[in-house]
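> Show me how the following folds:
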Amino acid sequence: MVSLIFKRLKTGCQWRELSIKEYFFENEITWQGVYYYYNKWSKDDSWKRVWISILRDYKQLLDLSSIQLDGSHTIAKRGGSAVGYQGRKSAKTSNSLFLCDNTGQMLTVSSPQSGEHNDLFNITQLFEELTSVLIEAGIEIKGLFMNADAGFDKEEFREACSAKEIETNIASNRRNQKYSNQCYQYFDELLYKRRTKIEHANAWMDSFKALLVRFETNAKNWMALQWMALSIMFCKKIKV
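Residues are numbered from 1 along each chain as shown. Below is the predicted model of the structure:
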């Protein structure tokens, strides 16, 4: 059952195209049966709990000398919840925020937001989501150094990070020049170069074809694919 769901994630094939006979010679289960359990486990956050459990048990394999934050838009072909038109993509998209460690290992992902919004939309709530996963996995967030691009240069976001005692290294946004002149913000250019790791991490996520284009209309089902991808990527680092 799970192997069929992973096949959907890796190949991007539609549910009805799953070759059941490759796994069940007597064809005792249909693709509808596979989707039923996938949908059930998505709604009760089973896939998220699996990821948190893996993260908690093997957090010593992470490099938390710095973490990287970025947003990523995914084209949504069938519409659904948290979908909106994004001018830069000339298509309807969903936007999610990601956190990765200093090696490019993804740590967590936020709930998708409608594509017409930028990365700062609902940022306080979404950042709370991101950090709550780390806390639940037993990862100490106090004192973490976090890189983010100029799109996250906003007083509200900096204050949210400060409240959690996370040190921010955010590139200055020229549109916030007035605020920047009033309040000095330290910026380490050498540390900021590590932000390329999240670009690499997003590229590795794209190796899962079901994540290149969103066909899931339900946001929970879409999130489940993300949690599965994070789990698979991290399990490759675990030596049994």
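
> which element is Met146 on?
Met146 belongs to strand 145-148 when assigned by DSSP states H and E.

> Could you double-check that Phe6 lies in contact with Ala229?
No - the pair Phe6 / Ala229 is not scored as a contact, 9.8 Å apart, by Cβ atoms under 8 Å. Where you see a C-beta, it was placed from the backbone N, CA and C, and this is true even at glycine.

> between those two, who's got more neighbours?
Neighbour comparison, Phe6 and Ala229: the larger count goes to Ala229, with 24 against 16 (by other Cβ atoms under 10 Å).

> What residues does the closest residue to the more buried one other than its chain neighbours make contact with?
In this structure, Ala229 finds its nearest non-sequential neighbour in Phe208, 4.8 Å apart by Cβ to Cβ, 6 or more residues apart in numbering. For Phe208, the contact set (Cβ atoms under 8 Å, 6 or more residues apart in numbering) comprises Leu9, Lys10, Gly12, Leu225, Ala229, Ile232.

> one step back: any idea how far the strand holding Met146 is from the chain center?
16 Å (Cα atoms, centre = their mean, to the nearest Å).

> Over to stretch 82-89?
On Cα atoms, centre = their mean, the centre of stretch 82-89 falls 18 Å from that of its chain.

> Return that stretch as PDB; C-alpha atoms alone will do.
What follows is stretch 82-89 as a C-alpha-only set of coordinates in PDB (Å, rounded to 0.1, in the frame of the first residue of the first chain):
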ATOM      1  CA  ALA A  82      -4.900  27.600  -1.300                       C
ATOM      2  CA  VAL A  83      -4.600  28.200  -5.100                       C
ATOM      3  CA  GLY A  84      -4.400  31.700  -6.800                       C
ATOM      4  CA  TYR A  85      -3.100  33.400  -9.900                       C
ATOM      5  CA  GLN A  86       0.600  34.300  -9.800                       C
ATOM      6  CA  GLY A  87       1.700  36.900 -12.400                       C
ATOM      7  CA  ARG A  88       5.400  35.800 -12.400                       C
ATOM      8  CA  LYS A  89       4.400  32.200 -13.300                       C
END
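
> just to revisit the earlier point, so which elements touch the strand holding Met146?
strand 67-76, strand 167-170, helix 189-192 (3 or more Cβ pairs under 8 Å, 6 or more residues apart in numbering; DSSP states H and E).

> Check whether Phe121 sits in a helix, strand or coil.
Secondary structure for Phe121, judged by DSSP: H, G, I helix; E, B strand; the rest coil, is coil.

> Give me the distance between the closest residue to it other than its chain neighbours and Thr74.
Excluding the flanking residues, the one nearest Phe121 by Cβ to Cβ, 6+ apart is Gln113, at 5.7 Å. Distance of Gln113 to Thr74, given as Cβ to Cβ, to the nearest Å: 11 Å.

> again with Ile135
Going from Ile135 to Thr74 by Cβ to Cβ gives 26 Å.

> okay, these two: which has more neighbours?
Between Ile135 and Thr74, counted using other Cβ under 10 Å, the more crowded position is Thr74 (23 against 12).

> show me the contacts for the more buried one.
Thr93, Ser94, Asn95, Ser96, Pro112, Leu211, Leu212, Val213, Arg214.

> on that earlier part again, doesn't Thr93 make contact with the residue nearest to Phe121?
No - the pair Gln113 / Thr93 is not scored as a contact, 9.7 Å apart, by Cβ under 8 Å.

> about what we covered before: among the contacts of Thr74, name the ones in strands.
When DSSP state E defines the strands, the subset of the contacts of Thr74 inside them is Thr93, Ser94, Asn95, Ser96, Val213, Arg214.
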